[in-house]
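Engineer: Need the 3D shape of this:
(one chain, ligands or ions: 1)
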Amino acid sequence: MSGNIPILISGTGSYAPEGILTNADLTRMVDTTDEWILSRTGIRERRIAAPQELTSDMAIHASRAAMDAAGVKPEEIDLVLVATITPDMPFPSTACIIQNRLGLRPVPAMDIEAACSGFLYVLEVGAAMLRSGKMRHALVVGSEKLSSIIDWEDRSTCVLFGDGAGAVILSRGENTGEGVLSTTLGSDGRGGEILYMPGGGALCPPTPASLADRQHFLKMNGKEVFKIAVRVMEKAALEILAEHNLQPSDVALVIPHQANVRIIELLSSRLGMPMEKFAVNIDRYGNTSAASIPLALDEAVRAGQVKKGDLILMVAFGAGLTWAASLIRWH
Ligand code: ACO
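Structural biologist: Reported below is the predicted structural model:
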């Protein structure tokens, strides 16, 4: 039955731009301190792409690394999915741009936008399409150039975000019980106004007035996002574990979306799981939205933190509002 086809993460890759923006650098740009940023968020520095370095460029670096790790050649890829809120341009999709530049066959390629939950959304869509039985390997990417939509004069948001990319190759496997066990996705559009970017779409096309009014930058009510994030991540994590009759203690490693280390610490205490079980790299990258989970996953895999048989829980929330959790039995 196609529903039983195991879907494995057969390779991971990531990329972070060379440019580093430290908290000390930010103190010269806005009224802030290293102490405030570190104590409120856990962030020490973030990577910032060069002006000519685009979301697609970062995605391509991460994709090549993932294909190498999986031992999958470009001509073997059957599907390209990219999660991003910072595509190179509204269209064509970043997925089509990288399909062309990686020299892939003329396979389906599309972007999906679910903000910081985006990677788990594309993971689920990719797994479902592979399970339909027609495809063998999917390239699934989260890539963001958030520095292009950050208001560098707004201290309440500019200290939080960074640029980067992560990718995985999803492949059909052989052994049931291995790979992506399941993913749960959710959204509540009523929360749209606490995290959004008003400008750039049909609502607010670019005009001199919209530019002067700073409408083309991300806006956020951080306090509200924080409260909801903790609640929905805990709920999504417990629901997906219950679906499989598993307990938090069965999980070897949690890869949470990296938005604020205090959110991760609260999740750790509410799930009753020690912080040592949480992959945390927010100190070095800040919040890279759709890139944060695949970037942290790739670092964990390359550091040897993930072993065959381990149960991995990935959990995210983001603008929309959206949330997602995914359980993987590593093969
Ligand atoms: N430096 C110094 N002071 C600051 C800064 C700064 N960078 N930013 C805000 N402040 C001030 C505020 O102005 C406020 O001052 P006031 O009390 O005089 O008004 C004070 O610090 C406290 O601000 P709070 O908003 O209460 O700070 P809080 O402890 O809530 O932390 C933060 C703010 C870090 C933004 C937190 O709310 C947070 O992390 N929220 C979640 C953000 C998040 O997860 N975003 C995910 C986005 S996901 C996606 O889809 C893109």
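Engineer: Name all residues that make contact with Ala167.
Structural biologist: 12-14, 59, 62-63, 65-66, 139-143, 294, 298 (Cβ atoms under 8 Å, 6 or more residues apart in numbering). To be clear about C-beta, it is placed using only N, CA and C from the backbone, and glycine gets the same treatment.
Engineer: Out of those residues, grab the one that's most surrounded.
Structural biologist: Using other Cβ atoms under 10 Å as the neighbour criterion, Ser143 leads these with 39 neighbours.
Engineer: isn't that residue right next to Leu54, touching?
Structural biologist: No - counting by Cβ atoms under 8 Å, Ser143 stays clear of Leu54, with 9.0 Å between them.
Engineer: number of nearby residues for Asp68?
Structural biologist: 13.
Engineer: Sorry, slip of the keys, the one I care about is Gly177.
Structural biologist: Gly177 has 10 neighbouring residues, counting by other Cβ under 10 Å.
Engineer: State the three-state secondary structure for it.
Structural biologist: Using DSSP: H, G, I helix; E, B strand; the rest coil, the structure places Gly177 in coil.
Engineer: Go ahead and confirm it touches Asn4.
Structural biologist: No - taking contacts as Cβ under 8 Å, Gly177 lies outside contact range of Asn4: 9.8 Å.
Engineer: Next, Ser14: secondary structure please.
Structural biologist: At Ser14 the chain is in strand, as set by three-state DSSP.
Engineer: which stretch of helix or strand covers Leu130?
Structural biologist: helix 118-131 (DSSP states H and E).
Engineer: Can you give me the buried ones in that helix?
Structural biologist: 118-127, 129-131 (16 or more other Cβ atoms under 10 Å).
Engineer: which of those residues has the weakest pLDDT?
Structural biologist: Within the set of these, pLDDT is lowest for Arg131 (94).
Engineer: Kindly provide the distance from the nearest residue to that residue once chain neighbours are set aside to Ile328.
Structural biologist: Nearest residue to Arg131 in three dimensions, chain neighbours excluded: Ile5, at 4.9 Å (Cβ to Cβ, 6 or more residues apart in numbering). For Ile5, the distance to Ile328 (Cβ to Cβ, to the nearest Å) stands at 15 Å.
Engineer: Angles on the backbone of the spatially most central residue of the chain, please.
Structural biologist: Taking Cα atoms, centre = their mean as the criterion, Ala290 is the residue nearest the geometric centre of the chain, at 2.6 Å. When quoted as degrees, to the nearest 10, the phi and psi of Ala290 stand at phi -60, psi -20.
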